[in-house]
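>>> give me a model of this one.
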Amino acid sequence: MPKQPAKANKKKNLFKNEFAYLSIVLGTIFIFFLTTFNIDHYLEKQKVLCSATAISSSRNEIAFWEIFLYENENYIEGWLELAELQIGEGDITGARETLINVEKINPNSEELIKLRRSL
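Prediction:
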């Protein structure tokens with residue numbers, strides 16, 4: 001009779017070992033999944049605050065004003081806005097050319113004088 005309980009005891013130990021191994025593997029997979037999800041969630045928030053978005057938006061505004069002013073050459077406020085955007089982008093040469101167009105429309109503009117001083 002002592003042989004039967006030994007076999008049952010080995011089966012219980014084997015089951016406990018397999019259950020422990022399975023629990024560890026599933027726990028590791030679960031932690032890996034949560035970590036991946038949290039990193040993706042964190043990076044998604046960073047994309048919203050990224051400066052590349054602001055640069056792209058500024059370039060889009062510059063393109064808009066260039067197209068608009070091609071059709072409406074005498075809109076001085078648009079020329080001034082375009083010059084400010086170009087200065088913000090660091091395009092000093094483009095800003096100077098834009099201010100020449102402002103000077104053609106209104107050479108005594110206070111905004112023109114301020115922007116010339118900032119260059």
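>>> pLDDT of the helix or strand where residue 36 lies, averaged?
Taking DSSP states H and E as the criterion, residue 36 maps to helix 3-48. The average pLDDT for helix 3-48 rounds to 74.
>>> and for stretch 57-75?
Stretch 57-75 comes out with an average pLDDT of 86.
>>> spell out which residues make up each domain of the chain.
Recorded structural domains for the chain (assignment: automatic domain parsing) are 1-49, 51-118.
>>> in CSV: the ones you listed, plus mean neighbour count.
Every C-beta, even on glycine, is put in place using the N, C-alpha and C of the backbone. Output for those, formatted as CSV (neighbours: other CB atoms under 10 Å):
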stretch, mean neighbour count
domain 1-49, 9
domain 51-118, 15
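>>> for residue 101, give me its contacts.
Residues near residue 101 by CB atoms under 8 Å, 6 or more residues apart in numbering: 69, 73, 79.
>>> how close does the first one get to residue 106?
If I follow you right, that is residue 69. According to CB to CB, to the nearest Å, residue 69 and residue 106 sit 14 Å apart.
>>> same question for residue 115.
From residue 115 to residue 106 the distance is 13 Å (CB to CB).
>>> repeat that for residue 92.
Distance from residue 92 to residue 106, by CB to CB: 22 Å.
>>> give me the pLDDT value at residue 82.
90.
>>> how about it, nearest residue that isn't a chain neighbour?
Nearest residue to residue 82, sequence neighbours excluded (CB to CB, 6 or more residues apart in numbering): residue 65, at 4.1 Å.
>>> give me the helices and strands touching the helix or strand hosting the one you found, please.
Residue 65 belongs to helix 51-71 when elements are defined using DSSP H and E. Contacts defined by 3 or more CB pairs under 8 Å, 6 or more residues apart in numbering; DSSP states H and E place helix 51-71 against helix 76-89.
>>> if anything else comes up later, I'll come back, but that's it for now.
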